[in-house]
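Participant: Could you look at this predicted model? Sequence included:
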Amino acid sequence: MEELLKLDQQLFLFFNNLGSSPWDGFWLFITNKFASIPLYAFLLFLLYRNYGVKPTLTIMVLVAAMITCTDQLANVFKHGFQRPRPCQEDFIEQGRYIAVRCGRYGYFSAHAASSTALAIFMGFLLKRFYKYAFPLLIIWALVVSYSRIYVGVHYPGDVFTGMLIGTLIGLGFYHLFKWIYRKYFKI
């Protein structure tokens, strides 16, 4: 386990040090939870356009439950594992810490989990209507996830675990919506 943690630290320093001052503002914007509001509004429009009012409202409720699920699960893991974030470690002087704040524990990344869950869920919902929806949403989730390493608050292992858990939760909620849709909305 010690070797794995050391590798994660080395990978963090490599990916974190890819950054440079001219890009800091961009990555701070990307990692901000409010930066994706225009994307959410656009996705909501596409859902309404292709599914109608009642299914879209159902999707909104499921998204709220899904994000709550990823966030609460991340909190359970963070307090269960109590792995300090990179910005809490002494070696951060070898990297770049530019985040506005640094939480206490970081395993796993809730940002990575929730953005990946949303990308998987929405990607599957929209891919039959829009050919590039799924890959574009996955790219968005990867960018948001990497931003957590860039700003210095998560290890790559935190991000990878968050993305893996987000994928499973996103798939679960997608299948739940399919069941609800067939049962209540399909004529």
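Facilitator: In hand now; what should we look at? This is a predicted model, so every value here is computed, not measured.

Participant: Quick one: residues in contact with the worst-scoring helix or strand of the chain on mean pLDDT.
Facilitator: Taking mean pLDDT, DSSP states H and E as the measure, helix 2-16 is the helix or strand of the chain with the lowest mean score, a mean of 90. Helix 2-16 is contacted from outside by 86, 89, 91, 94-96, 146, 149-150, 152, 155-157, using Cβ atoms under 8 Å, 6 or more residues apart in numbering. (Each C-beta comes from the backbone N, C-alpha and C, glycine too.)

Participant: Quick one: list the elements packing against whichever helix in the chain runs longest.
Facilitator: Ranked by number of residues, the top helix in the chain under DSSP state H is helix 53-81. Helix 53-81 is packed against helix 37-51, helix 110-126, helix 156-180, with contacts defined by 3 or more Cβ pairs under 8 Å, 6 or more residues apart in numbering; DSSP states H and E.

Participant: Name the residues of the first one that are buried.
Facilitator: Read it as helix 37-51. For helix 37-51, the buried set under the neighbour-count rule, 16 or more other Cβ atoms under 10 Å, comprises 43, 46-47, 51.

Participant: Indicate which one of the helices and strands packed on helix 53-81 is closest to residue 82.
Facilitator: Set against residue 82 and scored by Cβ to Cβ, the helices and strands packed on helix 53-81 come closest in helix 156-180, at 12.8 Å.
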